[in-house]
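[1] model this:
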Amino acid sequence: MKLVKALPPQHVAIIMDGNRRWAKQFSMPAAFGHAAGARQVRHIVQACADRGVRYLTLFAFSTENWARPADEVSSLMGLLALYLQKEVKDMNAKGVCLKVAGDTSRFSPQIQALIKDAQANTAHNTKITLTIAANYGGRQDIVQAVRAWQAAHPDKSVDDMTEDSLTQHLGLAYAPEPDLLIRTGGESRISNFMLWQMAYTEMYFTDVLWPAFTPYELQQAIAWFKHRDRRFGGNTPALAKTA
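    Numbers count the residues shown, from 1 in each chain. Here you go, the predicted structure:
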């Protein structure tokens, strides 16, 4: 018998929770926590790339987040714009392909233009694909996919729709389904994030708040993942640990 090295997750999705609570620990406003969380993104993207992760999807702003206080939403939009302006050069240097998933039509024309430019300017990179889920909701994603399928097949009935054909119209159709979901901040729910795609995703919940989630914490999550027996509804693990 010999050990077979467990593979890293190909696709990691992260719900970056706990920014506001982290700021509260320092008696600071929510914007302070969001800014600290944004700075942490660069470290986690690099750590994922170093560990062989090919796709990383970050839940940055949900369709429900518009209900937050106006000043907090404004701060989040400002951080998104700043990130899109400042990080492209570093992404190109490190081989990061940036994509944005979600309904971007609600964003300002400036942010929409920044999204378009950032995606175009990093499209040639192949080390890791970073997806920012912004104004994204899993239910919304499924609804728009059904509409897109119908638009592509105007002469067909929904009875002709299959899981595979619908999947091609989802916002992250270019990426494999997530192998590992990480949620920071102590909550144990997926909050309308990639509902279709997470049917067989391994879910790792940690009390660590997002601004304090370091590459070490990421390594702990990946190590936990490597000990999971992923059966996908069958009897045989997808990756045997011994051979």
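[2] going forward, measure contacts between C-alpha atoms and count neighbours the same way
    Noted.
[3] secondary structure class of the spatially most central residue of the chain, three-state.
    Taking C-alpha atoms, centre = their mean, the centroid of the chain lies closest to Thr57, which sits 2.0 Å from it. Applying DSSP: H, G, I helix; E, B strand; the rest coil to Thr57 yields a three-state assignment of strand.
[4] all the strands of this protein, residue numbers only.
    Along the chain, counting by DSSP state E, strands occupy 11-15, 55-62, 96-101, 128-136, 180-183, 202-205.
[5] need those strands in JSON lines with mean pLDDT and distance to Met194, can you?
    Output for those, formatted as JSON lines (pLDDT from 0 to 100; distance: least, C-alpha to C-alpha, whole Å):
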{"stretch": "strand 11-15", "mean pLDDT": "98", "distance to Met194": "9"}
{"stretch": "strand 55-62", "mean pLDDT": "97", "distance to Met194": "9"}
{"stretch": "strand 96-101", "mean pLDDT": "98", "distance to Met194": "11"}
{"stretch": "strand 128-136", "mean pLDDT": "97", "distance to Met194": "9"}
{"stretch": "strand 180-183", "mean pLDDT": "98", "distance to Met194": "10"}
{"stretch": "strand 202-205", "mean pLDDT": "98", "distance to Met194": "13"}
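[6] redo these as JSON lines? Include distance to Met77.
    As requested, the strands of the chain are arranged in JSON lines below (distance: least, C-alpha to C-alpha, whole Å):
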{"stretch": "strand 11-15", "distance to Met77": "18"}
{"stretch": "strand 55-62", "distance to Met77": "9"}
{"stretch": "strand 96-101", "distance to Met77": "14"}
{"stretch": "strand 128-136", "distance to Met77": "10"}
{"stretch": "strand 180-183", "distance to Met77": "22"}
{"stretch": "strand 202-205", "distance to Met77": "27"}
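[7] ok, which of these comes nearest Gln85?
    strand 96-101 (12.4 Å; C-alpha to C-alpha).
[8] can you tell me what sits against that closest one?
    If you take C-alpha atoms under 8 Å, 6 or more residues apart in numbering as the criterion, strand 96-101 is touched by 91, 115, 118-119, 122-136, 171-172.
[9] now, of those residues, which are buried?
    By neighbour count, with 16 or more other C-alpha atoms under 10 Å, the contacts of strand 96-101 hold 91, 115, 118-119, 122-123, 125, 127-136, 171-172 as buried.
[10] which regions of the protein sit below the pLDDT cut-off?
    For the chain, the stretches with pLDDT under 70 are 1-5, 234-243.
[11] all the helices of it, residue numbers only.
    Taking DSSP state H, the helices of the chain run over residues 19-25, 30-50, 70-86, 88-94, 109-122, 138-152, 163-167, 215-226.
[12] please report the distance of Lys89 from Cys97.
    11 Å (C-alpha to C-alpha, to the nearest Å).
[13] those two: which is more packed in?
    Cys97 (23 against 14; other C-alpha atoms under 10 Å).
[14] re earlier: out of the strands of the chain, which gets nearest to Phe32?
    Checking the strands of the chain against Phe32 by C-alpha to C-alpha gives strand 55-62 as the closest, at 15.6 Å.
[15] paired strands for that closest one, with orientation please.
    Using DSSP bridges, the strands paired with strand 55-62 are strand 11-15 (parallel), strand 128-136 (parallel).
[16] what separates the last one from the chain centre, distance-wise?
    Just to be clear, that refers to strand 128-136. Put simply, strand 128-136 sits 5 Å off its chain's centre (C-alpha atoms, centre = their mean, to the nearest Å).
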